[in-house]
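Peer 1: Got a predicted structure plus its sequence, pasted below:
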Protein chains: 2
Amino acid sequence: MPVQPSRNPASSASETPVRGQRADARHNRARLLQAAREAYALNGTDVPSSTIARRAGVGAATLYRHFPTRGSLIAAAFSEQLAECVAALDEALRDDDPWRGLCSVLTKVCRMQAEDRGFSAAFLEESPDDPDLRRERARAEAGLAQLVQRAKKTGQLRKDFHPSDVTLLLLANSGVVRQSPEVSLAASRRLLAYFLQSCRTTDGTPPLPQPAPLRLDDLYGPPHRTD
Amino acid sequence: MPVQPSRNPASSASETPVRGQRADARHNRARLLQAAREAYALNGTDVPSSTIARRAGVGAATLYRHFPTRGSLIAAAFSEQLAECVAALDEALRDDDPWRGLCSVLTKVCRMQAEDRGFSAAFLEESPDDPDLRRERARAEAGLAQLVQRAKKTGQLRKDFHPSDVTLLLLANSGVVRQSPEVSLAASRRLLAYFLQSCRTTDGTPPLPQPAPLRLDDLYGPPHRTD
DNA sequence: CACTAATCGGATGACCTCTTCCATTTATGG
DNA sequence: CCATAAATGGAAGAGGTCATCCGATTAGTG
């Protein structure tokens, strides 16, 4: 009898963690994911698949059998980090102090973007139509809206803050992730500090311009292209 | 006798505006530049050269004779906009109110990035070693430093503002330029408003974290790549 | 130990973009 | 209107990535 399917409840469509595979297949899969994460972290996700395979010490066919498309490899490589983000949001929602929760989740995600260039890229590239991801995004959006509303209610967050401003911050933060991790980290921290300082309630600050109509979905690829 | 060389003083190395070319060559050059600007504005600079040529109604060879490399086309297409930026800085330096000058130059450049996705990309991609551009960048850096110092002196700009924070803003702003021009513009405006609000002098604001060691040169490509 | 089916890896094909080549066309001056 | 050199456009070469195929190998089982 093969290994029991292990009832993994968090098994997303993009990740097919372990099944009744042969031991070497499982092993190679893990090596591929690790090689992908390492390569992506340095220079973003535009790394040739052949490079990933070579670094993992396997052939191209092995890579494509485990991850049929380039996108599925990227999704699998960063599913842990995505889960971390979701967890950070859940934790923030459990915090008694909504402002502290908001700060901590934004700090966490910004740091993750700055430390891992691939994560930042994956965050922006990932397939907009994966149903699992769509659901997660919708949940995150709802959670953020709730957090924002609570922080306004306690008077710590300015009243004209809009949930889309979180998306705005994440997009802006992705822009500063272009140098070495050290520089990116310093830049990201400083950007976040500027941002949070403006979001915090202050008296007599002039009103902000209209919120940009950004949804979390807008993080994903430019739906633009009018040619 | 051929047309006099016209003593164009602002003739950068990257632009070879007009010389004793044949009339049709001049014409095609102009069509190419216009096609490039239009294509780049929509979706950034990663547009196949063949597309530019087709839209300009010329063959590939014509494109490559006028602009030997992909980069030279990009540089030529955006040299006007770069000059606009320099002019905006000069004007800001002439303003009696340094804070107003700083705001106006930042507003202008952010708007240009938001309105033209290609400009934003070109701003970040452009060859880091073109001597003309290096000189311009050095000059811009000096001008900005002066403007920043003056605005601090009048007490309008917070004392721990660092000139590299301008680079930080431009990088962050480039991150929000991913949607249609309308959305980008709204997002960019809002980001700038948040940023300026934090930069403005306020009492009792906690100090910012260390400035990121960003130079204007860092706008150009990731010098990272450790593989 | 031997058998079988899953797995592997390098070669290969399809595709795309950048750039060059060359026979043909066209502008320009006399 | 003609001669000539400049300019043109499409075809073709070079290089690189994605994805697939297939003979060889190896893990797992009795």
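Peer 2: That came through fine.
Peer 1: Show me what from chain A comes close to DNA strand C.
Peer 2: A:21-22, A:24-25, A:27-28, A:57-62, A:65-66 (C-beta under 7 Å from any atom of the strand). Where C-beta positions appear, they are placed from N, C-alpha and C, glycine not excepted.
Peer 1: quick one: which of those residues sit in helices?
Peer 2: A:24-25, A:27-28, A:60-62, A:65-66 (DSSP state H).
Peer 1: Could you tell me the phi and psi values at A:Leu157?
Peer 2: Phi and psi for A:Leu157, reported as degrees, to the nearest 10, are phi -110, psi 140.
Peer 1: Run a quick neighbour tally on it.
Peer 2: 23 (other C-beta atoms under 10 Å in any protein chain shown).
Peer 1: Ok, A:Arg31 next?
Peer 2: Applying other C-beta under 10 Å, we find 17 residues neighbouring A:Arg31.
Peer 1: Then A:Leu106?
Peer 2: 22.
Peer 1: From chain B, how far out is it?
Peer 2: 13 Å (C-beta to the nearest C-beta, to the nearest Å).
Peer 1: Centre of the chain to the host helix or strand of that residue, how far?
Peer 2: Following DSSP states H and E, one finds A:Leu106 within helix A:98-115. Centroid separation for helix A:98-115 versus its chain: 12 Å, with C-alpha atoms, centre = their mean, to the nearest Å.
Peer 1: Summarise which helices and strands that helix is packed against.
Peer 2: helix A:70-94, helix A:117-125, helix A:131-153, helix A:164-176, helix A:181-199 (3 or more C-beta pairs under 8 Å, 6 or more residues apart in numbering or on different chains; DSSP states H and E).
Peer 1: what distance separates the first one from the centre of its chain?
Peer 2: Going by C-alpha atoms, centre = their mean, the spacing between the C-alpha centre of helix A:70-94 and its chain's C-alpha centre is 6 Å.
Peer 1: average pLDDT for it?
Peer 2: In this model, helix A:70-94 has a mean pLDDT of 95.
Peer 1: by how many degrees do it and helix A:98-115 diverge?
Peer 2: 160 degrees (axes from the mean of the first three to the mean of the last three C-alpha atoms, to 10 degrees).
Peer 1: how about stretch A:155-168: buried residues?
Peer 2: Neighbour-count burial for stretch A:155-168, counted by 16 or more other C-beta atoms under 10 Å in any protein chain shown, picks out A:156-158, A:161-168.
Peer 1: and it, how far apart are its ends?
Peer 2: Taking C-alpha to C-alpha, to the nearest Å, stretch A:155-168 runs 22 Å from one end to the other.
Peer 1: and the residue in chain A positioned nearest to DNA strand C, how far is that from B:Thr69?
Peer 2: Nearest to DNA strand C, among the residues of chain A, is A:Gly59, at 2.3 Å (C-beta to the nearest atom of the strand). Relative to B:Thr69, A:Gly59 is positioned 36 Å away (criterion: C-beta to C-beta, to the nearest Å).
Peer 1: Can you list the low-confidence ranges for chain A?
Peer 2: Counting by pLDDT under 70, the ranges of chain A that qualify are A:1-19, A:127, A:202-208, A:215-227.
Peer 1: How about the residue in chain A that chain B sits nearest to, nearest residue that isn't a chain neighbour?
Peer 2: Closest approach between chain A and chain B, counting by C-beta to the nearest C-beta: A:Gly175, at 2.3 Å. Using C-beta to C-beta, 6 or more residues apart in numbering or on different chains and skipping the chain neighbours, the partner closest in space to A:Gly175 is B:Gly175 (2.3 Å).
Peer 1: is it true that that neighbour touches A:Ser174?
Peer 2: Yes. Judged on C-beta atoms under 8 Å, B:Gly175 makes contact with A:Ser174 at a distance of 4.6 Å.
Peer 1: quick revisit: please tell me how far the residue of chain A closest to DNA strand C sits from A:Ser49.
Peer 2: From A:Gly59 over to A:Ser49 (counting by C-beta to C-beta), the distance is 11 Å.
Peer 1: When those two are compared, which one has more neighbours?
Peer 2: Applying other C-beta under 10 Å to A:Gly59 and A:Ser49 shows that A:Ser49 carries more neighbours, namely 16 against 13.
Peer 1: ok, the more buried one - contacts?
Peer 2: By C-beta atoms under 8 Å, 6 or more residues apart in numbering or on different chains, the contact list for A:Ser49 reads A:60, A:63-64, A:70, A:73.
Peer 1: Please tabulate the residues you listed in TSV, including the columns distance to B:Arg190 and neighbour count.
Peer 2: Below are the contacts of A:Ser49 laid out as TSV (distance: C-beta to C-beta, whole Å; neighbours: other C-beta atoms under 10 Å in any protein chain shown):
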residue	distance to B:Arg190	neighbour count
A:Ala60	45	12
A:Leu63	42	23
A:Tyr64	43	15
A:Arg70	34	16
A:Leu73	35	23
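Peer 1: Return the member of those nearest to A:Glu136.
Peer 2: Nearest to A:Glu136 among the contacts of A:Ser49 is A:Leu73, at 18.8 Å by C-beta to C-beta.
Peer 1: Isn't the closest one up against A:Ala35?
Peer 2: No. The criterion here is C-beta under 8 Å, and A:Leu73 misses it with A:Ala35 at 9.9 Å.
Peer 1: Cool, thanks, talk later.
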